[in-house]
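**Q** Here is a sequence with its predicted model. Questions after.
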Amino acid sequence: MALIHTPENFENSPIPDFNLLATDLKHYSLNNFKNNNPLLIMFICNHCPYVKAIEDRLIQLGHDLKNEDINVVAICSNDEMNYPDDSFEKLKSRSEEKKYPFIYLHDKDQTVAKSFGAVCTPDFFLYDKNLKLKYRGRLDDSWKDESLVTKRELYTAAMDLKNTNEISFKQTPSMGCSLKWIKND
């Protein structure tokens, strides 16, 4: 498990388009999520200990943002051959078991992860209503222990963007396992 931090100097990048199969067996593109509010794209997976540690908080975040009419989309881009817990069937099973309140997409060929510049799980991309990237930081201030969370940074950033289109605090990079890239020998 290689620890990776998200890069800085990303602000105002446009959102890449995508068209992927979701665990509900429907295909979704960017157009399905445009609603003149912020949009959160999360690169997550099933096997990463960083994602597992925050999974319940991601579910809560999904519910909280849904109540604010902010769309949340999760994408798994990991190499499913070498990481079978991240296969489409396992993603589908996990999303059903945990009742994810967000669409969970499968980026089988990893083109979407590459177009976003995703580097780790979790990797959060929060876009403003104009679909310009404004936040690429962490979920909160205690990835490992939910009881120590004092700041829900990603939620606050989403609310800031919805209400003022500006983020009111300095972002701290997210960290997690490196994306598991397909090795083409």
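**A** Yep, that arrived. Residues are numbered from 1 along each chain as shown.
**Q** what about this protein, any weak spots by pLDDT?
**A** Scanning the chain for pLDDT under 70 picks out 1-10, 185.
**Q** those helices in the protein, which residues are they?
**A** Remark: helices assigned in the chain by DSSP state H are 49-67, 88-98, 111-116, 153-164.
**Q** Of the ones you listed, which stretch is the most buried?
**A** Highest mean neighbour count of the helices of the chain: helix 153-164, a mean of 19 (counted as mean count of other C-beta atoms under 10 Å). Bear in mind the C-beta positions are built from the backbone N, C-alpha and C, glycine included.
**Q** which residues touch the one residue sitting closest to the centre of the chain?
**A** In the chain, the C-alpha closest to the average C-alpha coordinate belongs to Met42, at a distance of 0.6 Å (C-alpha atoms, centre = their mean). When the contact criterion is C-beta atoms under 8 Å, 6 or more residues apart in numbering, the partners of Met42 are Leu58, Val72, Val73, Ala74, Ile75, Phe102, Pro122, Asp123, Phe124, Phe125.
**Q** of all those residues, which two lie farthest apart?
**A** Phe102 and Asp123 (15.0 Å; C-beta to C-beta).
**Q** if you count what's nearby, which of those two comes out ahead?
**A** Counting neighbours by other C-beta atoms under 10 Å for Phe102 and for Asp123 shows that Asp123 has the greater number, 26 against 21.
**Q** give me the beta-bridge partners of the closest residue to that one other than its chain neighbours?
**A** The shortest distance from Asp123 to any non-neighbouring residue, by C-beta to C-beta, 6 or more residues apart in numbering, is to Phe43 (4.2 Å). Phe43 has the following beta-bridge partners by DSSP bridges: Ile75, Asp123.
**Q** so what's Phe43 up against?
**A** If you count contacts by C-beta under 8 Å, 6+ apart, Phe43 has them with 74-77, 113, 116, 118, 120-125, 179.
**Q** Check Lys90 too.
**A** Contact criterion C-beta under 8 Å, 6+ apart gives Asn46, Pro84 as the residues in contact with Lys90.
**Q** how much space between it and Pro101?
**A** To Pro101, Lys90 is 19 Å away according to C-beta to C-beta, to the nearest Å.
**Q** Please apply the same query to Thr121.
**A** As for Thr121, its distance to Pro101 is 19 Å (criterion: C-beta to C-beta).
**Q** Comparing those two, which residue is more hemmed in?
**A** Just comparing Thr121 and Pro101: by other C-beta under 10 Å the higher neighbour count belongs to Thr121, 28 against 17.
**Q** Now find how far off-centre stretch 137-152 is within its chain.
**A** For stretch 137-152, the distance from its own C-alpha centre to the chain's C-alpha centre is 16 Å (C-alpha atoms, centre = their mean, to the nearest Å).
**Q** my bad, stretch 114-123
**A** Stretch 114-123 has its average C-alpha position 9 Å from the chain's average C-alpha position, going by C-alpha atoms, centre = their mean.
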